[in-house]
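>>> would you be able to build a 3D model of this:
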Amino acid sequence: MEQQVLPTGDNPVIVVETVHGDLHVMGWERAEVLARARSDSDLSLDQRGDQIMLTCHDDCVLRVPQSASLDLVNVMGDARVRMVRGALTVRRAGDLAVHGAGPTTVETVSGDCVVKAIAGDLQVNRVGGDLSARDVQGQFVATAVGGDIRIGGIAGMATASAGGDISLNLAPTPGQKCRFTAGGDISARVPETANARFSMTSRADAIRVRIPGVPNDAGKGVRQVTLGDGSAEIILTAGGDISLSSDSAGQNVDDLGARLDAEFSRMGDLIAQRTQEAAQRMASRIEAKAQRAARKAERMAQRVAREAEQQSRGWMRHGHPFEGRHFAGPFAPPPPPGAQPVTDEERLAVLRMVEQKKITVEQAEKLLAALEGKAQS
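Numbers count the residues shown, from 1 in each chain. Coordinates of the predicted model:
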């Protein structure tokens, strides 16, 4: 594995233009950027004005200052970001896992997306799989999620839409407004002492409320429930069932947080596993390519040797280019008394054939030995 290092300030802007494999980014306390890939030929890291640009044709490990801002333009594999306090923009990735970042914008994730500990707003535009978000200090918007959404610990306004189910762990604050729309079911949990007004619409005509002192009325498709002074407004719309409950109704409000932690850990393990599998596939391809090259070189060497042997036999039969000498092969018996030694002209002819790459050095030595071993015709 090769690496490149660039010194930076404390708050660099790092643009990851393209990573053809998986990307793992982690913040550290050094004022420098370190990038690792399988080889230097896979990696390009350079400074352009006030930005640091990265391109990698394989999997990539990136270490950046903790206050760096990141723009991940195109990650063809999975992306994982940890311990970065600057702004984060993810324009395209496979699966995405973020644990610790500043204001974050996610444009397109084709797989699953897990986001935790965001110091600012979180904007998620398109996720093909599931979305899990926890501990967002600002506003939260998720406009198009194909799978399920799991949410816990949103401090600001929240709007989310999912093709599947939505699971919520809410602690409403005065003036907070939230709107959640699901193609499937919605399950929401709140503290019993919450101050919020819930407006719920179930196209399946199935709304269940399990909060002490609030009637269930499970058969209704539209319902409003006010808890405390109703200072927060929460709108729930589901194609399936809606369930609103509190911890005093036998629910553990920490369950969702634990599931989100497990989801993040699962995502990290999945990315690490895929990175290892990609490395193993690459090693297998390199080994197979080397074996094919070795076999090809061996076949070529055998062919050249056969051609040189045929040439030398032809020269021996016809006396060319060594006039006056005829010999049966390179392994002739020792010369009888009175044998003529090899002339300078003959040696020069052999050397010229080597220079013209008609024969190899080893073949030239055999040819000269054969000449030395033949008697005068």
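
>>> and stretch 135-154, which residues are buried?
135-142, 145, 147-154 (16 or more other C-beta atoms under 10 Å). (Each C-beta comes from the backbone N, C-alpha and C, glycine too.)

>>> same check, this time on stretch 347-359
Applying 16+ other C-beta under 10 Å to stretch 347-359 flags 350, 353, 354, 359 as buried.

>>> now go through the buried residues of stretch 135-154 and say which are in helices.
Among the buried residues of stretch 135-154, no member falls in helices (DSSP state H).

>>> thinking again about what came up before, can I get the buried residues of stretch 347-359 in JSON lines including secondary structure?
Converted to JSON lines, the buried residues of stretch 347-359 look like this (DSSP: H, G, I helix; E, B strand; the rest coil):
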{"residue": "350", "secondary structure": "helix"}
{"residue": "353", "secondary structure": "helix"}
{"residue": "354", "secondary structure": "helix"}
{"residue": "359", "secondary structure": "coil"}
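
>>> mind putting these into TSV with distance to residue 58 and pLDDT?
Converted to TSV, the buried residues of stretch 347-359 look like this (distance: C-beta to C-beta, whole Å; pLDDT from 0 to 100):
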residue	distance to residue 58	pLDDT
350	49	75
353	46	78
354	43	75
359	43	77
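
>>> just the terminal-to-terminal distance for stretch 113-129.
7 Å (C-alpha to C-alpha, to the nearest Å).

>>> how far off centre is that stretch?
In this view, stretch 113-129 has its centroid 18 Å away from the chain centroid, taken as C-alpha atoms, centre = their mean, to the nearest Å.

>>> what's the mean pLDDT across that stretch?
For stretch 113-129, mean pLDDT is 96.

>>> now that stretch: buried residues?
113-129.

>>> next one: residue 204 from residue 165, what distance?
12 Å (C-beta to C-beta, to the nearest Å).

>>> so the two - more neighbours on which side?
The neighbour comparison of residue 204 against residue 165 (other C-beta atoms under 10 Å) goes to residue 165, with 20 against 13.

>>> tell me the pLDDT of that one.
Value for residue 165, per-residue pLDDT: 97.

>>> my read: it touches residue 188, true?
No. Under the contact definition of C-beta atoms under 8 Å, residue 165 does not touch residue 188, with a separation of 11.4 Å.

>>> pLDDT weak spots in the stretch 251-377 of the chain?
When residues are selected by pLDDT under 70, those of the stretch 251-377 of the chain lie in 251-342, 344-345, 372-377.
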